[in-house]
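>>> this is a predicted model, with the sequence first.
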Amino acid sequence: MEPMFIAMVGDHDPDMVAHRAVPKSLGLSALSLGRPVDAVWVATERVAEDEEEALGHVDAIWLVPGSPYRSMEGALAAVRRARERGMPFLGTCGGFQHAVIEFARNVCGIADADHAESNPHASNLLVAPLACALREVAGRVRLDEGTKIRAAYGQEWIEEEYMCGYGLNAEFRGVLESHGMRFTGRDAEGDIRSTELPDHPFFVATLFQPERAALHAHTPPLVRAFVHAATTVRAPAPA
């Protein structure tokens, strides 16, 4: 079988826990599915410089943790490419944050939607500091029925690890939902922890980092579902 090519979009740092976990989680998922996967690091600056050269050969995109990215525009371009072309997409932590920003800018028409970490004085801070930062902690998340993430885990409540200080500004939830984004996971207090696009073959983003399970020798269910989508969904060629 030919390998599926998955782009790990982010600014690779071997000292970052998530960056050690991401390729390991992909490897475990590919092994469990019996499908070859070729995962390649793609820097955000490279996407910004030449999106087609950077991502034209890949089957799926994972926007990995590590914000602020060296190129926010490169990160957003990767999200938009996956969203518009029906390519399987997974965003975790910073990937979640930038997935909602891209949707707000290019679908909801909030052109100046921004991130408090990289632009704290922006007028529309779609991503804002969490009331209580989630740094090196684990927490329970309730998943909605009838969603791709619920299907991946096969259960209502899950527990996942975080390394995150920013999340969705709740003031923008309504406008995002009115344009088709579905928020699919919440913690015990009702705060948003995951989202997806129901009409997309596979577009899922989480504030938590499911890849970290691989560091405990467990295959992350969501990463496995993402890899499965990469092996079965072929994005159409651009018109």
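Thanks, I have it.
>>> just give me the longest strand of this structure.
The longest strand of the chain (DSSP state E) is strand 124-143.
>>> what sits up against the very next helix or strand once past it?
Moving toward the C-terminus from strand 124-143, the next helix or strand (DSSP states H and E) is helix 148-153. Contacts of helix 148-153 with the rest of the structure, by CB atoms under 8 Å, 6 or more residues apart in numbering, involve 143-144, 156, 184-185, 194, 196, 202, 204, 206, 221-222, 224-225. C-beta here means a position set from N, CA and C on the backbone, and glycine is covered the same way.
>>> give the PyMOL command for selecting the buried subset of these.
Buried residues within the contacts of helix 148-153, by 16 or more other CB atoms under 10 Å, are selected in PyMOL with:
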select buried, resi 143+184+185+194+196+202+204+206+221+222+224+225
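>>> please enumerate the strands of this protein.
Using DSSP E, strands in the chain cover 4-9, 37-42, 60-63, 89-92, 113-115, 124-143, 157-168, 182-187, 192-196, 203-206.
>>> may I see the contacts of helix 148-153 organised as TSV, with distance to Met8 and pLDDT added?
Shown next, in TSV, are those (distance: CB to CB, whole Å; pLDDT from 0 to 100):
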residue	distance to Met8	pLDDT
Leu143	24	98
Asp144	27	98
Glu156	30	98
Thr184	23	98
Gly185	22	98
Ser194	19	98
Glu196	20	98
Phe202	16	98
Val204	16	98
Thr206	16	98
Pro221	19	98
Leu222	15	98
Arg224	16	98
Ala225	17	98
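>>> pick the most buried one from the strands of the chain.
Burial of those is given as mean neighbour count (mean count of other CB atoms under 10 Å); strand 89-92 ranks first at a mean of 31.
>>> for the residue positioned nearest the centre of the chain, give the beta-bridge partners.
Nearest to the geometric centre of the chain sits Gly91, at 0.5 Å (CA atoms, centre = their mean). With beta bridges defined as DSSP bridges, Gly91 has these partners: Leu63, Ala205.
>>> how far away is it from Lys148?
Gly91 sits 13 Å away from Lys148, going by CB to CB, to the nearest Å.
>>> who's in contact with the closest residue to Val64 other than its chain neighbours?
Residue nearest to Val64 in three dimensions, not counting chain neighbours: Gly10, with 3.9 Å by CB to CB, 6 or more residues apart in numbering. Going by CB under 8 Å, 6+ apart, Gly10 touches 19, 41-44, 63-66, 69, 75, 94-95.
>>> alright, calling it a day.
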